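# got a predicted model here, sequence first, then my questions.
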Amino acid sequence: MNRALHPGAWWLWALGLAAVGSRTTNPLMLGLVIAIAGFVAVTCRQDTPWASSYGVFLKFGLVVIGIRVAFHVLLGGIGGPTVLFALPEVPLPDWARGIRLGGPVTAEGLVFALYQGLQLATLLCCVGAANALANAKRLLRSLPAALYEVSVAVVVAMTVAPQLVAGARSVRRARALRGEAVRGIRAVKVLMVPVLEDAFERSLVLAAAMDSRGYGRNAGLPTSTRLLTGALVLGGLIGLCVGAYGLLDGSAPTVAGVPMLALGTVLAVAGLRTGSRRVRRSRYRPDTWGAREALVVGSALVAALATVFSPAGLGGSALSPATVPLEPPQLPLLPALGLLCALAPVLTPERKTP
Amino acid sequence: MIRFENVSVSYPDAPGPTLSEVDLHVPEGELCLVVGRTGSGKSTLLRAVNGLVPHFTGGTLTGRVLVDGRDTRTHPPRELADVVGLVAQDPQAGFVTDSVEDELAYSMESLGLPNPVMRKRVEETLDLLGLADLRHRPLATLSGGQQQRVAVGAALTAHPRVLVLDEPTSALDPGAAEDVLAALHRLVHDLAMTVLIAEHRLERVAQYADRVVWLPGDAKPVAGDPGEVLAGAPVAPPVVRLGQLAGWRPIPVSIRDARRLAGPLREQLGPPPTDHPARHTATPSPAGHRTRNGRTAPPADTHTGPDNGTPLLRAEDLKVRYGTVEAVRGIDLSVGEGERVAVMGRNGSGKSSLLWALQGTGKRSAGTVSVNGTDPADLKPGPRRRRIGLVPQQPADLLYLHTVAAECAQADRESDQPRGTCRAALDRLTPDIPDRQHPRDLSEGQRLALALAVALTPRPRVILLDEPTRGLDYPAKTRLAEALHTLADEGHAIILATHDVEFVAEYATRVIVLAEGETVADGPTGEVVTASPTFSPQTAKVLAPLPWLTVTDVATALATR
């Protein structure tokens, strides 16, 4: 059966890659992550409108790198002995001490900024790959029924963005017919009015369509059950927050750690379960987990573990190359090998739908 | 099944009620057609059936609407979802999911139907509407007709007893419209579904209707036998007008009925006169046509037409390609002064791409275009529009200011014309549009007129219009055709893309039919449109083999007899 993979599998896979990206500033590793994400996205994507989103995120990543470097040049940060050039420094008043405008730009600082920008770009590429591979709308369909209203709101919000882009494009083209090449701040005004009007109209039409197709039919649950659900979910969330805080902060009392976390989880699950009974909906052909999903998620898990738990001798020390003094980045052996495992989804059977 | 009891709908800031005192009963298994001028409250009536009016739109509804015994006052739209299926005007805007199967299942998911039932109904609906090949396709990649069928299917899967459709065929080419209507016809006859349709293109639907409800806008609605009601309404398909002209009883609404009555009229008319002043008749196009059938004396052969010796617009081997899709594959075209050309063809056959490429703003991958010797794509947008103007499919895209007066003033400024040029052009097209009106509040016809006036302001010689008759009622279309006649007589060359065969009969001197980006027919209107039943106007079908295409032509012919 040529079914698309569970969207959750792709997002977990991307999360694994992102975990690797967030643990290293080594440009070789980051480049590898970007390359793998791109290769898998291009190989495994289906013929869908969102399949080209990887490229968009990649460009966005380049912009982020540019911004990060520009900020470094203007505002400084990490310094070093190798001064490349110096910008005129703007004297700032006393209260702004600690902030520097202009001044010397060093090779070390520049490389550091580049590494950091590249790290952000890598995370963006992971999101882009997940977007290209899995339909975010389908992912939201897999949420518990109690969160149904929330997921619908998110879906609607997500459809607005591409519509705005398409709308802006057609309006811009139409504006060219009026003999104006609209640019700059005027373009915003000229394009905004028709584009936003169009978007508002569309969302009203969509809301009407959803309403007439039975969205939000009330199952008529008594108030007491609704109150119980609310209390359970709220209590569960508080428990989760306190538990997470207790676990992360070593000085917190032990009782605030694992026990609170467990209690919070139980409460939240109970809340979602009672809440799910409220929404009487069924699901058409729900996505299922199978061997291919396990392979995809497992491959990313291997990659993440290899990076996170890599001993210093096997490449753990090369994950964050020093910038002061500058040294060429080494390829961390074990993490890189682990990362290559994340290519495994390419091996899963061909699933391009006809 | 549907019962309106003394229903009036009014909105707080409107001058009068949108609907007043509607008493209507649509019994089960009836296909009821709602007609009326633009803005007469058709959509309001339809949306009152499932409670969107007033639950969703606001406003005040007095009286009572009962659907399958449920009062819409106590039942909001979502509680009526299992009884009423609504298909809105723009199917794409109403899609909630993004693949065909999911969209079909959405209503059933909301109703909480168990999975096996959903699977069964989705399969049934895919077959019923011929969508099986498209089941995994993303909705955004479907053509207009396919999207419309998915929208109908999505409403059907909940097994409603009533189906309500707002202009289901207005965006479709004739073939796709036939598909959708055939599916509806089948639902009514096989499943006894009650169907309520509002539509402007009456020539497509009137024949299927069991009953017609005419909303005059300012008086009580009139319901009754299709022929009788349409004859009294300002909007009626050509076949009804022809029946009125010839005095046929009962007034026919289908080609079959009309043809059986048309014998005497054909005898009275034929053989065709040699000096017939038909407005649609062809001028020999400089590009030359491929077809010339040997009809004895069609009016086309005797009509000389305006001087078109010098082509204003010439395109050679024009190609447009988007990624791997070839939208236009090598079109040669030459259009002279005073020619009124209609470009027809399926949804997605490359009509829009051709117009945009000719204008120079759109993409062109290969080939040459010259307007009076200049390639418009080489010009800056400003000088370009002085040579060739285009009115896009959504005229509102051209407009962005808050009043009609501001739009006109802006158009004068950007085309370096004296103040008032645009306003004068607008007044010639549609007089009496108030200066202070917001362009969004204009009717479809008025908005189109404003966009056309804006395009005409820099005085281009060639005008292109993309699908201008969408949402226009018959009087508005006739006015548009007249305006385009005048422009052509003044020496403009006009090319428009359309699906509307009746409008083409009224307007065009020459028709080009595209299929998959290639020209399949190019010739005088009379020859091209009568060559295939899909593109043939009703009058021609009724009177064939006589060459008249519009009721006006027949009336003129009868008057001179």
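Received, thanks.
# which residue ranges make up the domains of chain B?
B:2-236, B:299-537 (automatic domain parsing).
# and the ones you listed as a markdown table, adding mean neighbour count, distance to chain A and mean pLDDT?
From N, CA and C alone the C-beta is placed, and that goes for glycine too. A markdown table is the format used below for those (neighbours: other CB atoms under 10 Å in any protein chain shown; distance: least, CB to the nearest CB, whole Å; pLDDT from 0 to 100):
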| stretch | mean neighbour count | distance to chain A | mean pLDDT |
| --- | --- | --- | --- |
| domain B:2-236 | 20 | 3 | 89 |
| domain B:299-537 | 20 | 4 | 88 |
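# which one of the ones you listed lies closest to A:P93?
Taking CB to CB, domain B:299-537 is the member of the domains of chain B nearest to A:P93, at 44.3 Å.
# for the nearest residue to B:G59 once chain neighbours are set aside, phi and psi?
Taking CB to CB, 6 or more residues apart in numbering or on different chains as the measure, B:G59 lies nearest to B:Y11, with 4.4 Å between them; neighbours along the chain are not counted. Dihedral angles of B:Y11 (phi, psi; degrees, to the nearest 10) stand at phi -110, psi 150.
# could the domains of chain B be laid out in CSV, adding distance to A:N135?
CSV is the format used below for the domains of chain B (distance: least, CB to CB, whole Å):
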stretch, distance to A:N135
domain B:2-236, 7
domain B:299-537, 21
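# quick one, what contacts the residue nearest to B:G59?
Contact partners of B:Y11, counting by CB atoms under 8 Å, 6 or more residues apart in numbering or on different chains, are B:T18, B:G58, B:G59, B:T60.
# quick check: the farthest pair among those residues?
Between any two of these (CB to CB), the greatest distance is 11.8 Å, for B:T18 and B:G58.
# strands along chain A, start to end?
In chain order, chain A shows strands spanning A:83-90, A:101-106, with DSSP state E as the criterion.
# could you say which of these is packed most deeply?
The highest mean neighbour count among the strands of chain A belongs to strand A:101-106 (a mean of 18), with neighbours defined as mean count of other CB atoms under 10 Å in any protein chain shown.
# what lines up beside that one in the sheet?
When sheet partners are counted by DSSP bridges, strand A:101-106 sits next to strand A:83-90 (antiparallel).
# hang on, the earlier thing: could the strands of chain A be laid out in CSV, adding mean pLDDT?
CSV is the format used below for the strands of chain A (pLDDT from 0 to 100):
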stretch, mean pLDDT
strand A:83-90, 83
strand A:101-106, 83
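# of all those, which one is nearest A:L240?
Closest to A:L240 of the strands of chain A, according to CB to CB: strand A:101-106, at 42.8 Å.
# chain center to the closest one: distance?
Here the centre of mass of C-alpha atoms in strand A:101-106, compared against the chain's by CA atoms, centre = their mean, to the nearest Å, lies 33 Å away.
# stretch A:325-332 too?
When distances are taken as CA atoms, centre = their mean, stretch A:325-332 is centred 28 Å away from the chain's centroid.
# mean confidence score for that stretch?
Throughout stretch A:325-332, pLDDT has a mean value of 86.
# contacts made by that stretch with the rest, please.
Taking contacts as CB under 8 Å, 6+ apart, the residues outside stretch A:325-332 that touch it are A:24, A:26-29, A:80-82, A:107-108, A:111, A:307, A:310, A:314-319, A:321.
# can you check stretch B:128-143 too?
Outside stretch B:128-143, the residues within contact range by CB under 8 Å, 6+ apart are A:48-49, A:353-354, B:92, B:95, B:97-101, B:103-104, B:125-126, B:146-147, B:149-150, B:152-153, B:156, B:176, B:179, B:183, B:186-187, B:346-348.
# at 7 Å instead, please
By CB atoms under 7 Å, 6 or more residues apart in numbering or on different chains, the residues outside stretch B:128-143 that reach it are A:48-49, A:353, B:95, B:98-101, B:103, B:126, B:146-147, B:149-150, B:152-153, B:183, B:347-348.
# what about it, start to end distance?
Using CA to CA, to the nearest Å, the end-to-end distance of stretch B:128-143 comes out at 18 Å.
# can you list the weak-confidence ranges in the stretch 51-200 of chain A?
Under the criterion pLDDT under 70, the flagged ranges of the stretch 51-200 of chain A are A:145, A:149, A:159, A:180-184.
# residues from it in reach of chain B?
When proximity is defined by CB under 7 Å from any CB of the partner chain, the stretch 51-200 of chain A lies next to chain B at A:137, A:170-171, A:173-174, A:176-181, A:190, A:193-194, A:197.
# could I have the buried ones of the residues you listed as ChimeraX selection syntax?
The ChimeraX command for the buried members of these (criterion: 16 or more other CB atoms under 10 Å in any protein chain shown) is given here:
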select /A:137,170,171,174,176,177,178,179,180,190,193,194
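# which one of the residues of the stretch 51-200 of chain A next to chain B is nearest A:T43?
Using CB to CB, A:K137 is the member of these that sits closest to A:T43, with 22.4 Å.
# the nearest residue to that closest one once chain neighbours are set aside: neighbour count?
Of all residues beyond its chain neighbours, the one nearest A:K137 is A:V155 (5.2 Å), with distances taken as CB to CB, 6+ apart. By the measure other CB atoms under 10 Å in any protein chain shown, the count of residues near A:V155 is 19.
# please report how far B:K380 lies from B:R461.
In this structure, B:K380 lies at 18 Å from B:R461, with CB to CB, to the nearest Å as the measure.
# for B:D71, same thing?
As defined by CB to CB, B:D71 lies at a distance of 60 Å from B:R461.
# contacts only, for residue 126.
Using chain A here. Counting by CB under 7 Å, 6+ apart, A:C126 has contacts A:A14, A:L17, A:A18, A:G21, A:A37.
# sorry, should have said chain B
Counting by CB under 7 Å, 6+ apart, B:L126 has contacts B:A132, B:R135.
# beta partners for A:P104?
Note on A:P104: beta-bridge partners A:A86, judged by DSSP bridges.
# quick check: it touching A:A86?
Yes - with contacts defined as CB atoms under 7 Å, A:P104 counts as touching A:A86 at a distance of 4.3 Å.
# now residue 61: closest residue in space, sequence neighbours ignored.
You didn't say which chain, so I picked chain A. For A:G61, ignoring the flanking residues on the chain, the nearest one in space by CB to CB, 6+ apart is A:A121 at 3.1 Å.
# can you look at chain B instead?
Leaving aside its chain neighbours, B:L61 sits nearest to B:P54 (4.5 Å; criterion: CB to CB, 6+ apart).
# and A:V165, how many residues sit next to it?
11.
# roughly how far does it sit from chain B?
13 Å (CB to the nearest CB, to the nearest Å).
# dump the residue contacts of that residue.
With CB under 7 Å, 6+ apart, A:V165 has no contacts at all.
# and chain A, what are its domains?
Residue ranges for the domains of chain A, per automatic domain parsing: A:1-142+A:287-354, A:145-216, A:224-285.
# start to end distance for the shortest one?
So that's domain A:224-285. Domain A:224-285 stretches 33 Å from its first residue to its last (CA to CA).
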